[in-house]
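> My questions concern the predicted model and sequence given below.
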Amino acid sequence: MGDAGRGSELQTLDLRKLWLLDPRVTFLNHGSFGACPRPVLAFQQKLRSHLEAEPLKFFARDWEPLLDNARNQLAEFVGADARDLVFVSNATTGVNSVLRSLHFTPEDEILTTNHEYNACRNALDFIASGSGSKVVVAKIPFPLDSPQQIVTAVMQRVSPKTRLALLDHVTSQTALILPIQQLVKELQALNIDTLIDGAHGPGMIPLNLREIGATYYTGNCHKWLCAPKGAGFLVVKPDQQPAIRPLTISHGANSPRTDKTRFQLEFDWTGTTDPTAYISVPEAIACLGSLLPGGWTELQQHNHQLVLAARELICQSLGVTPPCPQEMIGSMAVIPMPDKLAKHDFMFLHEQLLDQFAIQVPFIPWPEKPHLLMRISAQIYNNRQQYEYLAKVLAEY
């Protein structure tokens, strides 16, 4: 390894100290729950201490300006208008808030894909069972060769009854970046609203929600933004905001205030809770953006290149073919397991690698061949040697 390579590894080791991650574990699963850096956690703890020192003053005077500041900075980061953004605890809550606010009939169809996140698919089924509407599933092939296959699969399932499309921006099971902007454009041309589950989008890939133009977009801040757990957001187009209500109806429903929209008044306060995760989002944006000279752009490019290199070396080691083009990957990649590994239960493999080799990486069952997938993540604290270790363990398993 040359001097530049050694410098890169030393930098990774130094940056790893910013996280509380167990140094004994090869942690290659940032995508599931993220990991919050020590400086951000320290910032949140100061907020919590401030809250507990004088709870009444905090909730009566202090929290709302802090929340508005966080809203403004997050909106700028994701390319949205602050007036259209509210905080929710996570993307699943955002999806549920939209679905349970809309009124579907037996004549309506709700379009999604076979790659949709299980929790949100459950929410769809719940809504459909209560309203008599129909969930229509577009079958996106996997493995696949191009983003156009996704567009074709989705648009072929559109009908005159399609009212809403729920689509992942980055799929959880298969780690694909869907061509969301094109899909939104084509669906809206047919007067079909779009609800985008952007759980993995913020922080993994550059976002400009104004350009994407979805009717509803919800995302997590605790994953690739590395904010504290319990921080997510929902962005709703202005003409749809009067219809969208939080899951908990509280004081905002009849507030006499006119300085904010009903949309913000209702979502901002749903009852006493700990808002410090929301308020810490700007600190997370600043912290991660300061780790490399090129800020967030360089961080996202670094993680993208690292996961591509990791995918290549593991695929070569196992003798399998990458299941999608490089341009459809952000900071996560899925690798098909060869037959000798695919015969095992996915939870068994996960537990074996964790217990025997201290490797934290998820395995995902898939209904068709290759039947078992492994998903790797790349964050700035990871390095090539960790993926080489994983490849060696799998090859010898």
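Cool, got the structure.
> Now do the contacts for His284.
Small correction: residue 284 is Ala, not His. Ala284 sits next to Cys36, Pro37, Val40, Cys221, Leu225, Cys226, Ala227, Pro228 when contact means CB atoms under 8 Å, 6 or more residues apart in numbering. The C-beta positions use only the backbone N, C-alpha and C, and glycine is treated the same way.
> can you check Val154 too?
Leu111, Thr113, Ala138, Ile140, Ala165, Leu167, Leu183, Leu187.
> would a markdown table of those residues with pLDDT and secondary structure be doable?
Below are those laid out as a markdown table (pLDDT from 0 to 100; DSSP: H, G, I helix; E, B strand; the rest coil):
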| residue | pLDDT | secondary structure |
| --- | --- | --- |
| Leu111 | 98 | strand |
| Thr113 | 98 | strand |
| Ala138 | 98 | strand |
| Ile140 | 97 | coil |
| Ala165 | 98 | strand |
| Leu167 | 98 | strand |
| Leu183 | 98 | helix |
| Leu187 | 98 | helix |
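> would you say Met219 is within a strand?
No Met there; residue 219 is Gly. Yes: assigned with DSSP: H, G, I helix; E, B strand; the rest coil, Gly219 falls within a strand.
> List the beta-bridge partners for it.
The bridge-partner assignment for Gly219, based on DSSP bridges, gives Gly198, Phe233.
> Model confidence at it, what's the number?
Looking at Gly219, its pLDDT is 98.
> quick revisit: so which of the contacts of Val154 is surrounded by the most neighbours?
In terms of neighbours by other CB atoms under 10 Å, the contacts of Val154 top out with Ala165 at 29 neighbours.
> hang on, isn't that one packed against Asn191?
No: using CB atoms under 8 Å, Ala165 is not in contact with Asn191, being 11.6 Å away.
> ok, which pair from the contacts of Ala284 is furthest apart?
Longest distance between any two of these is 13.0 Å, between Pro37 and Cys221; criterion CB to CB.
> what is the mean pLDDT for the longest helix seen in the chain?
Determined from DSSP state H, the single longest helix within the chain is helix 295-318. Averaging pLDDT along helix 295-318 yields 98.
> which other residues reach that helix?
203-206, 285, 288-289, 291-292, 294, 321-322, 326, 329-333, 335, 337-338, 341, 374, 376-380, 382-384, 387-388, 390-392, 394-395.
> one more time with 6 Å
Under the contact criterion CB atoms under 6 Å, 6 or more residues apart in numbering, helix 295-318 has outside partners 289, 292, 322, 326, 331, 333, 335, 338, 376, 378, 387, 391, 395.
> go on, stretch 162-180?
Contact with stretch 162-180 is made by 108-112, 115, 117, 142, 147, 150-151, 187, 192-198, 200-201, 212, 328, 330, 332-334, 364, 375, as judged by CB under 6 Å, 6+ apart.
> got the contact list for Leu20?
By CB under 6 Å, 6+ apart, Leu20 lies in contact with nothing.
> The closest residue to Phe357 other than its chain neighbours: neighbour count?
Once flanking residues are discounted, Phe357 sits nearest to Val393: 5.1 Å by CB to CB, 6 or more residues apart in numbering. Using other CB under 10 Å, Val393 has 17 neighbouring residues.
> just checking, Val393 touches Gln356?
No: taking contacts as CB atoms under 6 Å, Val393 lies outside contact range of Gln356: 8.4 Å.
> What are the contacting residues of the host helix or strand of Glu211?
For Glu211, the host element (DSSP states H and E) is helix 209-212. The contact list for helix 209-212 (CB under 6 Å, 6+ apart) reads Val78, Gly79, Ala80, Ile180, Gln181, Val184, Tyr217, Val235.
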